[in-house]
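**Student:** Using only what follows, build the 3D model:
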Amino acid sequence: MNGYSWRTLVSAAALTVSLAAPSLAADGYFLIGYGPRQKALGGAGVADSRDAMSLSINPAGLVDLERQMQIGITALLPERGYSTDGLPKVLAPGDVRSGRPIFPVPNDAFSTPIDAESSWGMASYANGGINTSFDFGHYHPPLGGPFGGGYAGVDLEQAFSSFGYARKFGALSIGVAPTIAVQTINLQGLKSFSPYSSDMYHLSDNGYDWSVGGGVRLGLQWRVTDQFRIGVAGSTPMFMTRFRKYSGLFADNGSFDIPANITAGVAYDLTPDLTVMADWRHIFYSGVASVSNSSFPVLLRSLGSPGGPGFGWKDTDSAAFGVEWRVQPGFALRAGYHYVTNPIPTNSVTLNVLAPIINAHHVSGGASYAVTKNSTLDLAVVYAFKNNVRGPEALPQTAATPFGAYNPAGNVNLWLRGLEVSVGWTYKFDLGDNSLIPTHL
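**Tutor:** Below you'll find the model as predicted:
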């Protein structure tokens with residue numbers, strides 16, 4: 001097996017395994033970072049590439065890297081749920097918490113120079129997801145569960161494999177990374193919405209369905225001075241095949257593309273060993289109808305129809321700040337802060353019980369330590385502070401509410417908080433070492 005085939009196999013395996021990612025420390029269902037370094041820096045780093053996972057943010061940074069490989073894993077420990085007050089009619093009342101408290105999310109990456117001016121690399125990572133699981137503990141007729149359709153929850157899982165190329169033109173580096181995307185979904189507990197579906201047999205409780213597609217990420221880095229750098233990167237939408245098993249739920253007959261995004265940032269070396277970074281990111285959820293279309297009103301036979309209801313999400317903007325202190329060769333400390341605007345408005349809380357992704361403030365920290373000349377271990381911890389969104393319960397169309405209505409006697413409060421712990425291993429090959437796998441640690 002040649003080197004390219006071996007790396008492709010490893011990357012494909014990681015992509016498959018990474019289909020297990022709930023959203024926790026995230027901008028909607030985009031994680032704030034991929035790999036321990038990005039997470040420790042609060043997601044900052046579009047202008048400061050120092051490891052192969054930087055391809056997942058800005059492919060232009062590949063030209064700053066030596067030949068290396070990385071593997072890592074993140075444990076996500078989310079707490080999420082909803083509570084009600086007053087007299088809810090659509091939702092089961094009370095303080096209802098989701099199960100499934102821990103998830104592993106792996107990542108891997110590889111980079112290698114081609115010549116003094118160009119490099120290539122590849123990376124596989126999970127870009128978030130949505131995952132909830134509500135049992136029968138809080139009963140709503142006729143079948144129990146939050147919506148009266150029995151056990152309820154959604155498992156939206158996404159994974160990506162990017163193949164990048166970058167070239168340097170003096171102080172400016174440009175990179176491109178075609179990306180393959182795979183996503184799956186399993187949704188349960190919405191049988192009570194059958195009259196509101198354009199296809200009740202493809203609404204809920206149909207097991208896992210697959211969707212595949214892809215897009216392109218582009219990036220540039222400009223070294224303004226030896227100390228100051230600017231980075232900009234953006235991704236087209238990931239154009240995905242439809243979820244056929246859920247074409248009676250998602251707008252436009254099961255369409256569920258992954259939104260475009262853009263990131264810009266700066267990095268400045270206060271000293272040769274101390275770097276500060278600041279990034280801004282915008283995610284265009286408004287470009288995905290099944291996510292952004294209003295969740296109110298839900299009319300008879302409207303779910304899944306062209307232009308039908310979605311989850312009411314808005315675009316998000318986030319700010320990330322990070323600092324890295326390279327204390328001595330082989331040892332670095334990192335810290336970060338991340339803030340993101342909430343994608344779920346107060347008038348869309350009812351359906352978003354299935355996806356209470358309402359992070360706002362995050363703090364992070366981490367370290368790296370070179371255990372040998374070639375091998376470095378990385379650690380990162382991210383804490384997402386508890387956040388909540390409260391709004392009126394939305395009622396679908398009935399004889400009493402022919403145009404839908406908001407329940408004046410019932411409110412819904414979504415909440416989320418959690419912890420991430422990431423570990424990783426980076427191996428830097430010796431100069432001239434073209435072996436397929438590390439021959440020594």
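**Student:** At which residues are the helices of the stretch 151-300 of the chain located?
**Tutor:** Ranges of helices within the stretch 151-300 of the chain are 251-254, 289-292, based on DSSP state H, counting those that start in this stretch.
**Student:** Figure out how far whatever helix or strand comes next after the last one is from the centre of its chain.
**Tutor:** If I follow you right, that is helix 289-292. Remark: after helix 289-292, the chain's next helix or strand is strand 316-328, criterion DSSP states H and E. Chain-centre distance of strand 316-328: 18 Å, with Cα atoms, centre = their mean, to the nearest Å.
**Student:** For strand 316-328, which outside residues touch it?
**Tutor:** 27-28, 32, 40-45, 48, 265, 273-283, 285, 332-343 (Cβ atoms under 8 Å, 6 or more residues apart in numbering). For every residue, glycine as well, the C-beta is placed using N, CA and C.
**Student:** Any quick ChimeraX command for the buried ones out of those?
**Tutor:** Restricted to buried positions by 16 or more other Cβ atoms under 10 Å, the ChimeraX selection for these reads:
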select :27,28,32,40,41,42,43,44,45,48,265,275,276,277,278,279,281,282,283,285,332,334,335,336,337,338,340,341,342,343
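**Student:** show me the contacts for residue 267.
**Tutor:** Here residue 267 is in contact with 45, 47, 48, 228, 229, 231, 275, 276, 277 (criterion: Cβ under 8 Å, 6+ apart).
**Student:** Repeat the analysis, applying 10 Å as the threshold.
**Tutor:** Residue 267 is in contact with 44-50, 221, 223, 227-231, 275-279, 322, 324, counting by Cβ atoms under 10 Å, 6 or more residues apart in numbering.
**Student:** That one and residue 37: what is the separation?
**Tutor:** 13 Å (Cβ to Cβ, to the nearest Å).
**Student:** Residue 310 against residue 292, yeah?
**Tutor:** Yes - counting by Cβ atoms under 10 Å, residue 310 does reach residue 292; the two are 5.6 Å apart.
**Student:** Common neighbours of these two, please.
**Tutor:** 251, 285.
**Student:** Can you flag which of the contacts of residue 267 belong to strands?
**Tutor:** Those of those mapping onto strands are 221, 223, 228-231, 275-279, 322, 324, per DSSP state E.
**Student:** Tell me which two of those sit farthest apart.
**Tutor:** Largest separation among these by Cβ to Cβ: 223 and 322, giving 18.5 Å.
**Student:** Which one's more surrounded, the two?
**Tutor:** Counting neighbours by other Cβ atoms under 10 Å for residue 223 and for residue 322 shows that residue 322 has the greater number, 28 against 17.
**Student:** which ones are touching the nearest residue to the more buried one once chain neighbours are set aside?
**Tutor:** Once flanking residues are discounted, residue 322 sits nearest to residue 41: 3.0 Å by Cβ to Cβ, 6 or more residues apart in numbering. By Cβ under 10 Å, 6+ apart, the contact set of residue 41 is 32-33, 48, 275-277, 279, 320-324, 334-338, 364-366, 380.
**Student:** cool, residue 173 as well?
**Tutor:** The neighbours of residue 173, taking Cβ under 10 Å, 6+ apart as the test, are 49, 58-64, 117-119, 166-167, 219-223, 229, 231.
**Student:** need the strands for the stretch 301-441 of the chain, in chain order.
**Tutor:** Remark: strands assigned in the stretch 301-441 of the chain by DSSP state E, counting those that start in this stretch are 316-328, 331-340, 361-370, 375-395, 405-428.
**Student:** And those: which comes nearest residue 193?
**Tutor:** strand 375-395 (12.1 Å).
**Student:** For residue 319, the count of nearby residues, please.
**Tutor:** A count of nearby residues for residue 319, using other Cβ under 10 Å, gives 17.
**Student:** Who is it paired with across the strands?
**Tutor:** Applying DSSP bridges to residue 319 gives these bridge partners: residue 280, residue 339.
**Student:** ok so, going back, who touches both of residue 267 and residue 37?
**Tutor:** By Cβ under 10 Å, 6+ apart, residue 267 and residue 37 have these common neighbours: 45, 48, 49, 50, 322, 324.
**Student:** Tell me the one of those residues nearest residue 159?
**Tutor:** For these, the closest approach to residue 159 (Cβ to Cβ) belongs to residue 45, at 21.1 Å.
**Student:** Let's test this: name the helix or strand in this structure with the lowest mean pLDDT.
**Tutor:** In the chain, no helix or strand scores lower on mean pLDDT, DSSP states H and E than helix 3-17, which sits at a mean of 39.
**Student:** quick one: low-confidence ranges for the stretch 201-350 of the chain?
**Tutor:** Nowhere does the stretch 201-350 of the chain drop to pLDDT under 70.
**Student:** which residues touch residue 272?
**Tutor:** Contact analysis of residue 272 by Cβ under 10 Å, 6+ apart lists 226, 227, 326.
**Student:** Now do the same contact list for the residue nearest to residue 200 when sequence neighbours are not counted.
**Tutor:** In space, and not counting its chain neighbours, residue 200 is closest to residue 194: 4.1 Å by Cβ to Cβ, 6+ apart. Listed by Cβ under 10 Å, 6+ apart, the contact set of residue 194 reads 149, 200, 201, 203, 204, 248, 301, 303.
**Student:** I'd like those laid out as TSV, including neighbour count and distance to residue 93.
**Tutor:** What follows is these, written out as TSV (neighbours: other Cβ atoms under 10 Å; distance: Cβ to Cβ, whole Å):
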residue	neighbour count	distance to residue 93
149	21	16
200	17	26
201	11	30
203	25	24
204	26	21
248	25	27
301	16	28
303	30	24
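**Student:** and residue 130, how many residues sit next to it?
**Tutor:** Residue 130 has 24 neighbouring residues, counting by other Cβ under 10 Å.
**Student:** Which pLDDT value goes with it?
**Tutor:** pLDDT recorded at residue 130 is 70.
**Student:** how far away is it from residue 284?
**Tutor:** Shown here: residue 130 relative to residue 284, a distance of 18 Å by Cβ to Cβ.
**Student:** Show me which positions of stretch 254-269 end up buried.
**Tutor:** By neighbour count with 16+ other Cβ under 10 Å, stretch 254-269 contains the buried residues 254-261, 263-269.
**Student:** Endpoint to endpoint, it covers what distance?
**Tutor:** Stretch 254-269 has its terminal residues 47 Å apart, counting by Cα to Cα, to the nearest Å.
**Student:** List only those of the contacts of residue 272 flagged as buried.
**Tutor:** For the contacts of residue 272, a burial check counting by 16+ other Cβ under 10 Å picks out residue 326.
**Student:** Mind putting the contacts of residue 272 into CSV with distance to residue 412?
**Tutor:** Converted to CSV, those look like this (distance: Cβ to Cβ, whole Å):
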residue, distance to residue 412
226, 54
227, 50
326, 47
